[in-house]
Structures are given as structure tokens and as C-alpha cells.
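S.K.: any chance you could fold what I've pasted below:
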Amino acid sequence: MTAPDYLAVGRIGRAHGICGEVQVDVLTDFPDDTFVPGRTLYLGAEGQPDPLPSVVATVRAHRARLLVGFEGIATRTQAELLTGQFALIPSAEAHDLPEGAYFAHQVVGLTVVTTDGTPVGRVTEVLETGANDVLRIAGEREILVPFIDDVVADIDVGAGRLTIHPLPGLLQDDATT
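M.R.: Numbers count the residues shown, from 1 in each chain. From the prediction side, this is the model:
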């Protein structure tokens, strides 16, 4: 699987104040390296082929988010136009992850089998939840699988396979229970 051109590092929320700042929900484990004055981030919709470069002017913490100002965005009206976009970085600038950690794009598309080799389907999405990530798997039917060590037995990106040890009832059809 090829890496996307850009990776989302933040989701832009609403404007804050009157000087062009926006609230940003951080989507990276490395915010101190990513959201720094002078750094060029790319703003746009996730999957958009040509997001627009924008230089970070100011950054400060605000509750569980960051307040970020971008060069050229000086009014609340301008900042409001950014709501709902993503702050992106080129994939080539992404940090190396520790062993056993994966970017979502590396997991999406993998074939899923059980530890006994039974085909389950293909990962179509990684959902971020408060407790742990969840894999959306499309097969004979769609199932949601917690992305936890008790369930995910092995990930082999090179072979395009993710092996799960299903918890009791996870793969059973509701009609048969």
C-alpha cells in the first residue's frame, strides 16, 4: 500500500477571538514538533489533492486543543473560512513510529484473517474512539473490531495481512445468537 501524499496532524475547529486564530484538535503524537511558528502546514480537506500551504504564526494551548494563528489570516472572518479543514504535513515529513505502531493508511486495505486462517474481510477504516481505535472490516458483513492487543494478533503490512484472535461472539451473526 502506498502512503498518501499528506497526513492529517490537526482538525481545524471554529475561529477563536477576533485576530484570526482557530481552535485545532491535535491528531498527531508529536504536536510540539508539528505546530511551531515558522512551520509550513498544508490546509485542506482530507484526501484533497492540492492543499494550500500556510505558515504557522502563533501557537498556544487552550484546554484540550491548540489555538493556532496562520500567516495571512488576521481576522475572525478569515479564520472562519478554515473551519472543518485539516492541517496536513507531507508524508515524507512524518515521524518514524515505534515498532508495533502503524499509521491508519498502513492498516486500511489489509486482508483480515483469524488465527486459524479463516478469512474475515478487509480493513476499510480505522475509527478513532476515546478508549481505543476500532477497525471497520468489510466481509460477508461489516464488523467492528477493537484495535487492541487481545484481539489483533499480528500485522504484516508487507504481506497485506492482519490476523485477529476474535473474542467470543465477535464474528457471530446476530441471527444465530
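S.K.: quick one, helices of the chain?
M.R.: 31-34, 76-80, 104-107 (DSSP state H).
S.K.: now the ones you listed in JSON lines, please, with extra columns for mean neighbour count, mean pLDDT and distance to Pro98.
M.R.: (Glycine included, C-beta is placed from N, CA and C.) Shown next, in JSON lines, are the helices of the chain (neighbours: other C-beta atoms under 10 Å; pLDDT from 0 to 100; distance: least, C-beta to C-beta, whole Å):
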{"stretch": "helix 31-34", "mean neighbour count": "15", "mean pLDDT": "95", "distance to Pro98": "15"}
{"stretch": "helix 76-80", "mean neighbour count": "16", "mean pLDDT": "97", "distance to Pro98": "35"}
{"stretch": "helix 104-107", "mean neighbour count": "17", "mean pLDDT": "87", "distance to Pro98": "14"}
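S.K.: shaky segments in the chain?
M.R.: Low-confidence segments of the chain (pLDDT under 70): 1-3, 47, 173-177.
S.K.: recalculate using a threshold of 50.
M.R.: 1, 176-177 (pLDDT under 50).
S.K.: can you list the domains in it?
M.R.: 6-92, 104-172 (automatic domain parsing).
S.K.: just the endpoints, please. Distance across the shortest one?
M.R.: With C-alpha to C-alpha, to the nearest Å as the measure, the ends of domain 104-172 fall 26 Å from one another.
S.K.: picking up where we left off before, distance to Leu167 for the helices of the chain - can I get that in a markdown table?
M.R.: As requested, the helices of the chain are exported to a markdown table (distance: least, C-beta to C-beta, whole Å):
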| stretch | distance to Leu167 |
| --- | --- |
| helix 31-34 | 33 |
| helix 76-80 | 45 |
| helix 104-107 | 19 |
